[in-house]
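[1] Predicted structure and sequence below. I'll ask about it afterward.
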Amino acid sequence: RGPQVVAVMATLLVLSWITILLRCYVRTQISKSFGLDDWLAVAALAFFTAYGAFIFDATHWGSGRHTSSLSPHQYSMTMRSFFMLEITFLVLTATIKFSVSALLLRLAIKRLHIWIIYAVCMVVFVFSIAAIFVDTFMCHPTTYFWTRFDEPKPTSGSCQSASTVANISYFTIVISFITDVTLAVLPGFIIWESRLSPRDKVSVIAILALASLAGISALIRIPYNKSILNGNDVTYVTADLNIWACVEPGLGIIASSVATLRPLFRNFFSRSKLFGSST
């Protein structure tokens, strides 16, 4: 099932690059307002590209194939890629949330909204640092996470149980969902009180609400986490988990970037002979 994961990852990666490049063009050439949220969006794209590289590497070594068809070395290298994917995922999703938060801080006027955004950032920061620490030192030594499956096997080392790993993953998903939904709903309150026309308010809110799909993607991952508890044929049964783990940050990057492209569409429609002067 490796090609399925690669296809989803490649599609989202291409769309993310397109939307980020368009975002940078709008912010540097049209609105001339390139800011912190844009820098964080570019950083998120870099981490998402690295995440894609690890997805491709994992597929090369055996992700998506049955464990029984892999040599000990292939299985070990696949698990090494899985380890790097988990760490990169935590950094990636945190960066996306910081980027969206910085974008909302540009629009927020009410003190309550500003404090909610800062609270989300604090929760994401603290949780991400803790999760990265736990994942990094899940095994002792850290490399034992993948070397334990290779030949010859290490003489010493230990790891947390599969249930512990699954519970940490469940907690990660819940926090991710709560913060995603908060950042998806909050723009509605911020923009509705702005000076935009009612039509513009609805269009902007609809675009920003696309970010809530990332939170839904996080929830969809919950049933697939049971494959970690199973412990059998991990390289095959985690294919769906990997697919939705690609969708979640991919949608976050794309949706948050599309929300900044209104000036580009406005210029296009105003100059188009097909649409005349309509904006």
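    Arrived safely, thanks for sending.
[2] helix or strand right after the helix or strand hosting Ala46?
    Remark: Ala46 resides in helix 36-61, with elements defined by DSSP states H and E. Along the chain past helix 36-61, the next helix or strand (assigned with DSSP H and E) turns out to be helix 72-107.
[3] and that next one, what does it pack onto?
    For helix 72-107, the helices and strands in contact under the criterion 3 or more C-beta pairs under 8 Å, 6 or more residues apart in numbering; DSSP states H and E are helix 36-61, helix 111-136, helix 144-147, helix 162-192, helix 239-258. Where you see a C-beta, it was placed from the backbone N, CA and C, and this is true even at glycine.
[4] what's the spacing between the shortest one and its chain's center?
    Here helix 144-147 shows a centroid-to-chain-centroid distance of 25 Å under the convention C-alpha atoms, centre = their mean, to the nearest Å.
[5] Can I get it in CSV, CA atoms only?
    Output in CSV follows, covering the C-alpha atoms of helix 144-147 (Å, rounded to 0.1, in the frame of the first residue of the first chain):
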residue,chain,number,x,y,z
TYR,A,144,17.1,1.1,20.1
PHE,A,145,13.6,2.1,18.7
TRP,A,146,14.8,0.7,15.3
THR,A,147,18.0,-1.2,15.9
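[6] For that helix, give me every contacting residue.
    Residues from elsewhere that reach helix 144-147, judged by C-beta atoms under 8 Å, 6 or more residues apart in numbering: 76-77, 79-80, 82-83, 138-139, 153-154, 157-159.
[7] hmm, try it at 6 Å
    With contact meaning C-beta atoms under 6 Å, 6 or more residues apart in numbering, helix 144-147 is reached by Ser76, Met79, Arg80, Phe83, Cys139, Pro154, Gly157.
[8] check contacts around the fourth one.
    In other words, Phe83. When contacts are counted by C-beta under 6 Å, 6+ apart, Phe83 touches Phe145.
[9] again, only this time at 10 Å
    Contact analysis of Phe83 by C-beta atoms under 10 Å, 6 or more residues apart in numbering lists Phe54, Ala58, Asp135, Thr136, Met138, Cys139, Thr142, Thr143, Phe145, Trp146.
[10] for His140, phi and psi?
    The phi and psi torsions at His140 (degrees, to the nearest 10) take the values phi -130, psi 120.
[11] tell me which residues form a beta bridge with it?
    The partner list for His140 in beta bridges (DSSP bridges) reads Ser158.
[12] Near it, how many other residues are there?
    The local packing count at His140 equals 13, with neighbours defined by other C-beta atoms under 10 Å.
[13] Now Ile175: closest residue in space that isn't a chain neighbour?
    Nearest-residue entry for Ile175: Phe127, 5.2 Å, with adjacent residues in sequence omitted and distances by C-beta to C-beta, 6 or more residues apart in numbering.
[14] burial of the one you found, as a residue count?
    By the measure other C-beta under 10 Å, the count of residues near Phe127 is 17.
[15] ok, now which ones touch it?
    Contacts of Phe127 by C-beta under 10 Å, 6+ apart are Leu90, Ala94, Phe171, Thr172, Ile175, Ser176, Thr179.
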